[in-house]
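K.L.:
Here is a sequence together with a model predicted from it:
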Amino acid sequence: MKRPNFLVIMTDQHRADHLGCYGNPHVRTPNIDGIARNGIRFEHFYVACPICMPNRIVFMTGRMPSVNGSRHNGIPLDRDAVTFVDLLRHAGYRTALIGKCHLQDMTDKRVPTEDPTIDEFDPPPPELREASRRRRIGPEYEAELIPLWRADPDRIMPLPYYGFDFVRLANGHGDQVHGHYTRWLGNRVADPEKLRGWQNALSAPGLRAPQAWRTAVPEELYPTTFVAEETVGYLERYAREKDSQPFFLHCSFPDPHHPFTPPGRYFDLYDATEVRLSSSFHAVDPHEPAFVRELRAATARGVSNTNSPVPFAITDEVAAKQIVALTYGMITMIDDAVGRVLQKLKELDLAKDTIVIFTSDHGDFMGDHGLMLKHGLHYEGVIRVPFIWSDPHGRSHAVSPVLGGTIDIGTTILARAQLAPPRGNQGFDIIRATKNGEPPKRYGLVVEEDELAVHLGRSEGLRTRTFLTPRWRLTIWDSFEQGELFDRQADPDEVNNVWHSEKHQTQKHKLMEDMLREMIRLGDTAPFSLRVA
C-alpha cells in the first residue's frame, strides 16, 4: 500500500469562528474554505489545553498535559517522549517542520517554583528536591530559545527534533519572530532591527488598540511569507528528488497572535468600524471568578495591564474592533500564503497523494464577555478551534458531528498511514468515527489548564478543568467554590451560567460524574496496559 503524504497547516491563537467556512461573514479566507469544501470540517473540535506549548505537545504525543508532564508554558516536551512524528519517520516518512514549533521554551525567563520544604524539617538536597531526577533543562532543551538565535542566527539545531528531520523555525509573534527566520531576514535586509517593533512603527492615526502597531516590516519580509516560502521550497526539493518516501510536512504560522502587526495592505484591509463584536461583549457573569472581577476593576480605574500576556478587560469598543480587524488582516495574509502552498502542491503533481489538514493551537477571547487574549477562562472562543481534513481519496464538503480535539490528531494521522499509536496514547481516530457514525468511546472531552501566576497578573497560579459534550460545557477551578455550566444549544454565546440554577442541578451532577469517569479513563496506561492478552 502506498502511504499518503500529509501537510498539516497550523495557525496560532485562531478561533474556529474566524474563518469563512465556520460561518464568519467578514473575514476573507477563500483558500482555507476551499480545503473545507474538498474535505471534512469538524464542527465540535476543542483543544486539550488553551495554551500554546501544552496543546502543541498534546498534538505531538496524543497524551494529556497531566500525563505528558508539560502542564504549562515553561515545561518543554521530554526529549525521551515518543511522538507520532517519530513513528511516521520510523515508517519511512520524510518529516519536516517549518514555522512556529514551541515544544521547548522560546524565552529564557524561568518559571518560578515553589519550595515544598516545611520550615521545621530539613529540606531535601537540590538533586532530590523534585519527584524526578531528570530535568528538562540544558543544551538539548535550548533549541528554540530566541536570545540564542538573536546572538547567532547561523546556529545549528540537533536533528532529528522530536521526529522531524528538517526544521526551519519561526518562533515568536507579530514582527518579533526569530529562529531560522532571523537569518532569512538578515540575508534580505541590512539591519532588520530597524524594521521590527513598535519603536520603528509606521504612522497609524487613530490606532487605539493595545499591543498593535503598523509594522515597518514589508509583506515580503514578514514571518508569514517566510513560512510560506520555506514550505514551497521544501515541496520543490521533494519533487526534484523524486523520492519514493512519502512526506509529513508541518507548516506552522506564528500569526494570528498579539502583538497585532499585520504588514502592508493587510494592516488596513478590514475597516474596524464595520467589525461586529460578540453579543456577549457587555455580558458579565455575576458569579465569575475573583481574578476576572479584578481585571474589570483595573480597567475601570484605568490601570489595566494591556501590554503583556495577561488577559485584560476591555470596554473601549473602538479598540476592541481594531484588534479584531487587525486579527482578520493577519488571517487573510495567512490564507493567501496557504493558497500559494496549495497551488504549488498542484503544480508539482503532489496534491493527488497529499492529505491536507488545517487547525490551530487555541483561540482568543476577542471581546467575548468584554475580555481579550486568554488564560483562566474556557469560553468557546478560546477552546474551540478549526479542524479540517481533506483527503484526495475521501469525502468532500462534509461536516462531522463527532466531538473531537487536539488529543486525536496524531492518532488519526497514524491510522490513515496504517500505523498503530504507542502504548499510552489517549486519542481516537476521528475520521473513522465520522465514516462509521460511531462516536469515540469516551464520556466527553476534558480540557486541562494549569496557568502560571504571571499570566494571570496574580500572586498564585490557577488550575482550571472543563468537561465538554456536544451540548454542555462545565468548568471548575481548584480555588473557587463557584463554577460554570452552559447549555450551548440554548445559549451559544454563553451568557447564562446555570451553575446555581435549581432545575439544572441534576444535569450538573451527571456531568460531574461523567467528567470524573473520563478523567479516570485518561489516567496513564503506559508502560503497561490493563488489558488481558
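P.N.:
Arrived safely, thanks for sending.
K.L.:
Do a quick rundown of the strands in this structure.
P.N.:
Listed in chain order, the strands found in the chain under DSSP state E are 5-11, 40-46, 94-99, 166-169, 247-252, 312-313, 354-360, 371-372, 387-390, 398-405, 445-451, 462-468, 472-477, 483-487.
K.L.:
any idea which of the ones you listed is most buried?
P.N.:
Of those, the one with the most neighbours on average (mean count of other Cβ atoms under 10 Å) is strand 371-372, at a mean of 26. (C-beta placed from N, C-alpha, C; glycine too.)
K.L.:
Mind listing the strands that strand pairs with, and their directions?
P.N.:
strand 312-313 (antiparallel) (DSSP bridges).
K.L.:
Helices of the chain, start to end?
P.N.:
All helices of the chain, identified by DSSP state H, fall at 30-37, 52-61, 65-68, 84-90, 146-151, 180-186, 223-241, 290-301, 317-347, 380-383, 409-416, 430-436, 505-521.
K.L.:
Pull the distance from the longest one to the chain's centre.
P.N.:
Read that as helix 317-347. In this view, helix 317-347 has its centroid 16 Å away from the chain centroid, taken as Cα atoms, centre = their mean, to the nearest Å.
K.L.:
And it, what does it pack against?
P.N.:
Secondary-structure packing of helix 317-347 (3 or more Cβ pairs under 8 Å, 6 or more residues apart in numbering; DSSP states H and E): strand 5-11, helix 30-37, helix 223-241, strand 354-360.
K.L.:
For R89, find the nearest of those.
P.N.:
Taking Cβ to Cβ, strand 5-11 is the member of the helices and strands packed on helix 317-347 nearest to R89, at 12.2 Å.
K.L.:
Alpha carbons of that closest one, as PDB, please.
P.N.:
Extracted C-alpha coordinates of strand 5-11, given in PDB (Å, rounded to 0.1, in the frame of the first residue of the first chain):
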ATOM      1  CA  ASN A   5       1.700  12.500   2.200                       C
ATOM      2  CA  PHE A   6       0.500  14.800   4.900                       C
ATOM      3  CA  LEU A   7       0.500  18.600   5.000                       C
ATOM      4  CA  VAL A   8      -0.600  19.900   8.400                       C
ATOM      5  CA  ILE A   9      -1.200  23.600   8.400                       C
ATOM      6  CA  MET A  10      -1.500  25.200  11.900                       C
ATOM      7  CA  THR A  11      -2.100  28.800  13.000                       C
END
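K.L.:
Isn't K194 up against N200?
P.N.:
Yes. Counting by Cβ atoms under 8 Å, K194 does reach N200; the two are 5.9 Å apart.
K.L.:
which residues do the two both contact?
P.N.:
Shared contacts of K194 and N200, defined by Cβ atoms under 8 Å, 6 or more residues apart in numbering, are found at A216.
K.L.:
Which one's more surrounded, those two?
P.N.:
N200 (14 against 11; other Cβ atoms under 10 Å).
K.L.:
was I right about the more buried one contacting A216?
P.N.:
Yes. Taking Cβ under 8 Å as the definition, N200 is a contact partner of A216 at 4.8 Å.
K.L.:
Identify the contacts common to those two.
P.N.:
Residues touching both N200 and A216 by Cβ under 8 Å, 6+ apart: K194.
K.L.:
give me phi/psi at the closest residue to P422 other than its chain neighbours?
P.N.:
Excluding the flanking residues, the one nearest P422 by Cβ to Cβ, 6 or more residues apart in numbering is V82, at 4.8 Å. Backbone geometry at V82, expressed as degrees, to the nearest 10, gives phi -100, psi 120.
K.L.:
Neighbours of V82, how many?
P.N.:
Neighbours of V82 using other Cβ under 10 Å come to 21.
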